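K.L.:
heads up, no residue letters with this:
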């Protein structure tokens, strides 16, 4: 035995993860990691070498490789402990290394990247399940194994986008990406099951160790672990287009785009401390008579903290989009003559509709991020409809080109055909909202709010929260479950 193995810490207690099956499951993953991380590192290095030098994506790849190397070293020590416990880890690692070496001989740089990206996505899916609070797959104890796995899983989730961004930059084909994903899923499933079976058989042969409950723990884990069910949509999300999965990296962003990459946009509920940044956004977006004051924002945040949302540049703290909402009802809005009345009226507690007091965005992607962030919270709370008061910024110019035209004709009658045969409104603001689900025009109001380009007209529009008809089901699910569904479903709705 080498000196490094002799210097390894003593064998850890058996079943550190509460049950035999859960312990074997994570130990089985650890056997894969040193060799697997080496393959991923080599694949990312080779693909990153094809990019232009000194780009943000290359910097992200270097950080990714450093983290993977740290994981590799940690699990080499982890596996030494398993060896000291009598498991044939070295033989298993040699078999895995031989398989990956054989694959590498026949794969191109992009194909190796596809396989590495597939491994990373599957690892991030499992990591989310492992870190799911007190109901995750990891024990609540503070053993060395638990601490290592929590650190590893957190970093896997944080850098999972790197291989996706790299595949997008290298223009890998969708067929290749999905084909290697199915292959990687099969390889990992077979190896994990094989390792778990070997660990169980070895412990069963040791009469000095308690192995009663092995099968019970396996079936109990599968039957009671609701988190296991969430692996299905999370695993299947990889079949979405790469442009949806991959966060736009700085190296791919077109020149002149003000919004940072999507993975650098932070969306959350607003706090009073955000008001200075929000005021800067208001002053950039609206005229002085239209912009909200600090006092108005403070009252809104204090009264409805779960209905005030913001999207921020994660590196600078700049506010990119904000949305303030309040409970309302259709009848109240129909009785309101202008925006001020819509914003002031108080709804009954039983009303399950929302009015968007204001929506400010200096970049469409930041606005989209707000809608995506709020969607699972709306399902959980049972909100059914959201109303917005929209200006008509194109009305004045349209009226100059169409003397004698009416606002009704501009809003309802004059439409153009968009892509895929979709009929879209003439007004750019209404087009933007319709493409985000606000399809119903409730009414048109003169003197709704001061806006010269709209001739002071406003339109109250309504959007239906997708899948809100099943609100009795969503209310019973944890918000964390709905967030898992969000990424795979929101882009399809």
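P.N.:
In hand now; what should we look at? All figures in this text were calculated on a predicted structure; none of them were measured in a lab.
K.L.:
when you work out contacts or count neighbours from here on, use the C-alpha atoms and nothing else.
P.N.:
OK.
K.L.:
contacting residues for residue 452?
P.N.:
residue 396 (CA atoms under 8 Å, 6 or more residues apart in numbering).
K.L.:
and it, backbone torsions?
P.N.:
Residue 452 adopts backbone torsions of phi -60, psi -40, taken as degrees, to the nearest 10.
K.L.:
now do it, the pLDDT please.
P.N.:
Per-residue pLDDT puts residue 452 at 88.
K.L.:
does anything pack onto the one helix or strand residue 284 maps to? Which helices or strands?
P.N.:
For residue 284, the host element (DSSP states H and E) is helix 275-285. Secondary-structure packing of helix 275-285 (3 or more CA pairs under 8 Å, 6 or more residues apart in numbering; DSSP states H and E): helix 294-303, strand 319-328, strand 353-361.
K.L.:
what's the most buried one of those?
P.N.:
strand 319-328 (a mean of 24; mean count of other CA atoms under 10 Å).
K.L.:
for the following helix or strand past it, which positions count as buried?
P.N.:
Later in the chain than strand 319-328, the nearest helix or strand by DSSP H and E is helix 330-335. Of all the residues in helix 330-335, those buried under the rule 16 or more other CA atoms under 10 Å are 330, 333.
K.L.:
give me the contact list for helix 330-335.
P.N.:
Contacts for helix 330-335 (CA under 8 Å, 6+ apart): 342, 345, 347, 353, 443.
K.L.:
next up, the contacts around the fourth one.
P.N.:
I take that to be residue 353. Counting by CA under 8 Å, 6+ apart, residue 353 has contacts 327-330, 383-387.
K.L.:
re the thing from before, now render the helices and strands packed on helix 275-285 as TSV, adding mean pLDDT and distance to residue 402.
P.N.:
What follows is the helices and strands packed on helix 275-285, written out as TSV (pLDDT from 0 to 100; distance: least, CA to CA, whole Å):
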stretch	mean pLDDT	distance to residue 402
helix 294-303	90	39
strand 319-328	91	34
strand 353-361	89	30
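K.L.:
ok, which of those comes nearest residue 273?
P.N.:
helix 294-303 (9.5 Å; CA to CA).
K.L.:
now do the closest one: everything it contacts.
P.N.:
270-272, 275-276, 279, 307-308, 324.
K.L.:
any chance of these in JSON lines, with distance to residue 430 too?
P.N.:
Formatted as JSON lines, the contacts of helix 294-303 follow (distance: CA to CA, whole Å):
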{"residue": "270", "distance to residue 430": "26"}
{"residue": "271", "distance to residue 430": "29"}
{"residue": "272", "distance to residue 430": "31"}
{"residue": "275", "distance to residue 430": "28"}
{"residue": "276", "distance to residue 430": "29"}
{"residue": "279", "distance to residue 430": "25"}
{"residue": "307", "distance to residue 430": "23"}
{"residue": "308", "distance to residue 430": "22"}
{"residue": "324", "distance to residue 430": "19"}
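K.L.:
farthest from the middle of the chain: give me that residue.
P.N.:
Relative to the mean C-alpha coordinate of the chain, counting by CA atoms, centre = their mean, the farthest residue is residue 404 (48.6 Å).
K.L.:
wait, a helix at that one?
P.N.:
No - looking at residue 404 with DSSP: H, G, I helix; E, B strand; the rest coil, it is coil, so not inside a helix.
K.L.:
looking at the helices and strands packed on helix 275-285, which is closest to residue 85?
P.N.:
Among the helices and strands packed on helix 275-285, strand 319-328 comes nearest to residue 85, with 53.9 Å by CA to CA.
K.L.:
contacts for the closest one?
P.N.:
Contacts of strand 319-328 (CA under 8 Å, 6+ apart): 259, 277-278, 280-281, 300, 304, 307-313, 343, 345-349, 351-363, 366-367, 370.
K.L.:
now the angle from it to helix 275-285?
P.N.:
Angle of strand 319-328 versus helix 275-285, following axes from the mean of the first three to the mean of the last three CA atoms, to 10 degrees, is 100 degrees.
K.L.:
strand 319-328 vs strand 353-361, what angle?
P.N.:
Going by the same axes, to 10 degrees, strand 319-328 makes 160 degrees with strand 353-361.
K.L.:
what does whichever strand or helix holds residue 429 rub up against?
P.N.:
Taking DSSP H and E as the criterion, residue 429 maps to helix 428-434. Applying CA under 8 Å, 6+ apart, the external contacts of helix 428-434 come out as 390-394, 424-425, 439.
K.L.:
from the residues you listed, which land in helices?
P.N.:
Counting by DSSP state H, the contacts of helix 428-434 place none of their members in helices.
K.L.:
on that earlier part again, now the contacts of residue 353 in JSON lines, with distance to residue 474?
P.N.:
Formatted as JSON lines, the contacts of residue 353 follow (distance: CA to CA, whole Å):
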{"residue": "327", "distance to residue 474": "19"}
{"residue": "328", "distance to residue 474": "21"}
{"residue": "329", "distance to residue 474": "22"}
{"residue": "330", "distance to residue 474": "23"}
{"residue": "383", "distance to residue 474": "11"}
{"residue": "384", "distance to residue 474": "12"}
{"residue": "385", "distance to residue 474": "15"}
{"residue": "386", "distance to residue 474": "18"}
{"residue": "387", "distance to residue 474": "21"}
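K.L.:
pull the most distant pair out of those residues.
P.N.:
Among the contacts of residue 353, 330 and 383 lie farthest apart (CA to CA), at 13.3 Å.
K.L.:
so who does residue 15 touch?
P.N.:
Applying CA under 8 Å, 6+ apart to residue 15 gives the contacts 22-24.
K.L.:
coming back round to it: buried subset of the contacts of helix 330-335?
P.N.:
Of the contacts of helix 330-335, these count as buried by 16+ other CA under 10 Å: 342, 347, 353.
K.L.:
am I right that the first one is in contact with residue 336?
P.N.:
Yes - applying CA atoms under 8 Å as the test, residue 342 and residue 336 come out as touching, 5.6 Å apart.
K.L.:
find the residue closest to residue 323 in space, skipping its chain neighbours.
P.N.:
Excluding the flanking residues, the one nearest residue 323 by CA to CA, 6 or more residues apart in numbering is residue 359, at 4.5 Å.
K.L.:
next, find the distance separating the one you found from residue 312.
P.N.:
For residue 359, the distance to residue 312 equals 14 Å [CA to CA, to the nearest Å].
K.L.:
what does residue 55 give?
P.N.:
For residue 55, the distance to residue 312 - CA to CA - is 23 Å.
K.L.:
looking at these two, which one has more neighbours?
P.N.:
With neighbours defined as other CA atoms under 10 Å, residue 55 and residue 312 compare such that residue 312 has more, 23 against 14.
K.L.:
what's the closest of the contacts of residue 353 to residue 152?
P.N.:
Using CA to CA, those come closest to residue 152 at residue 383, 37.2 Å.
K.L.:
about what we covered before: quick one: least confident of the contacts of helix 428-434?
P.N.:
Pick the lowest pLDDT in these and you get residue 424, at 76.
K.L.:
now the host helix or strand of residue 167: average pLDDT?
P.N.:
Assessed by DSSP H and E, residue 167 sits inside helix 161-169. For helix 161-169, mean pLDDT is 90.
K.L.:
list the buried ones in the helix or strand that it is followed by?
P.N.:
Note on helix 161-169: by DSSP H and E, the next helix or strand toward the C-terminus is helix 174-205. By neighbour count on 16+ other CA under 10 Å, the buried set for helix 174-205 is 177-178, 180-181, 184-185, 188, 191-192, 195-196, 198-200, 203.
K.L.:
coming back round to it: can you pull the phi and psi angles for the residue farthest from the centre of the chain?
P.N.:
phi 90, psi -10.
K.L.:
gap between it and residue 109?
P.N.:
Residue 404 is 63 Å from residue 109, by CA to CA.
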